[in-house]
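> model this:
(one chain, ligands or ions: 1)
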Amino acid sequence: MSVLGKTAIITGSNSGIGLGIARVMAKSGANVVLNSFSERDEDHKLAYDISKEFGVDARYIKADMSNANDCRGLIETAGVCDILINNAGIQHVAKIEEFPTSKWDAIIAINLSSAFHTTSAALPLMRQAGWGRVINIASAHGLTASPYKSAYVAAKHGVIGMTKVVALETAQENITANAICPGYVLTALVEKQIPDTMRKYNMDRETVMKDVLLERQPSKEFATVEQLGGTCLFLASDAAAQITGTSISVDGGWTAL
Ligand code: NAD
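Next up, the predicted model:
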């Protein structure tokens, strides 16, 4: 079975990895639901453009993934959810003793708790359909740590733990739950870290990219949104029907170190 005619909801998908995954899914014939917390003409235009380009149903639903009711509301408004891709995420970089509590709370809410709320709301729809895929976009930071990223590392480790629980609770129901652990992908989330890192290490942009960001990525290349979309397609395919409760690294060898 392919994703043709299935509906994929991708949280945090008006930019970066989420948008890239949505485009790959739509190209393979899935209907897609895009999401973020904003409600701008350009958000809806992204969905319109996907529907025109790939001939699928595509829509944008505003829902703030830091809010439990919005998370559930996203799934309820969509009404159908064969493939749930929990992707929304933010980052903040600071020493733990200087880490603002508000940032800790926001990162845990958006990067971890949102996946709990959406999964809890989506599983009944998947059970009704007799098929489902939960794909959580974790991170290499779900398997390893870096300094100054306490909330992000905690949230991403949490996502991988929760993925295993969802897999066990759905193991006999034609539903799988897996995490994808990207290394560095050059998106807005990574771009935002560059100025701070340049200041912290007194380096120029190129040196930060090569010697700091890609320092732990042995391939010395960024992973791409298309590669992550392809990994989602694989996890949604029949070939992956017995793959559940695990995580797949797309990190150029980072976690092999
Ligand atoms: P990005 O900043 O380009 O995208 C993040 C998305 O989340 C955006 O669409 C944004 O609108 C959305 N979002 C943020 N707050 C939200 C909220 N409150 N409610 C709804 N949506 C919200 O970043 P990205 O790099 O594409 O990150 C996507 C995911 O991939 C994140 O979970 C991130 O942790 C993970 N990731 C990224 C990298 C990387 O190198 N870029 C590496 C590993 C994991």
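> list the contacts of the residue in the stretch 51-200 of the chain positioned nearest to the ligand.
The ligand sits closest to Gly89 of the stretch 51-200 of the chain, with a gap of 2.3 Å, by Cβ to the nearest ligand atom. All C-beta spots, glycine's among them, are computed from the backbone N, C-alpha and C. With contact set as Cβ atoms under 8 Å, 6 or more residues apart in numbering, Gly89 has these partners: 12, 110-111, 137, 155, 189.
> who in the protein is up against the ligand?
12-18, 35-37, 64-66, 87-90, 110-111, 137, 139, 182, 184-185, 187-190 (Cβ under 6 Å from any ligand atom).
> can you turn the buried part of those into a ChimeraX selection?
Selecting only the buried entries of the residues of the chain next to the ligand in ChimeraX, with 16 or more other Cβ atoms under 10 Å as the criterion:
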select :12,13,14,16,17,18,35,36,37,64,65,66,87,88,89,90,110,111,137,139,182,184,185,187,189,190
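> inside helices: which ones of the residues of the chain next to the ligand?
Using DSSP state H to define helices, the subset of those located there is 16-18, 188-190.
> by pLDDT, give me the weakest of the residues you listed.
Looking at pLDDT alone, these dip lowest at Leu189, where the score is 78.
> for the residue nearest to that residue when sequence neighbours are not counted, phi and psi?
Among residues not flanking Leu189 along the chain, Gln91 sits closest, at 5.5 Å (Cβ to Cβ, 6 or more residues apart in numbering). Gln91 adopts backbone torsions of phi -140, psi 150, taken as degrees, to the nearest 10.
> contacts only, for the nearest residue to Ala78 once chain neighbours are set aside.
Setting aside the residues directly before and after it, Ala78 is nearest to Val33 in space (Cβ to Cβ, 6+ apart), at 4.9 Å. Counting by Cβ under 8 Å, 6+ apart, Val33 makes contact with 7-10, 58-61, 74, 78.
> swap the cut-off to 7 Å and go again
Taking Cβ atoms under 7 Å, 6 or more residues apart in numbering, we find Val33 in contact with 7, 9-10, 59, 61, 78.
> helices - which of these land there?
Short answer: the contacts of Val33 in helices (DSSP H) are Ala78.
> got a quick ChimeraX command for the buried subset of the contacts of Val33?
In ChimeraX, a selection of the buried entries from these looks like this (16+ other Cβ under 10 Å):
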select :7,9,10,59,61,78
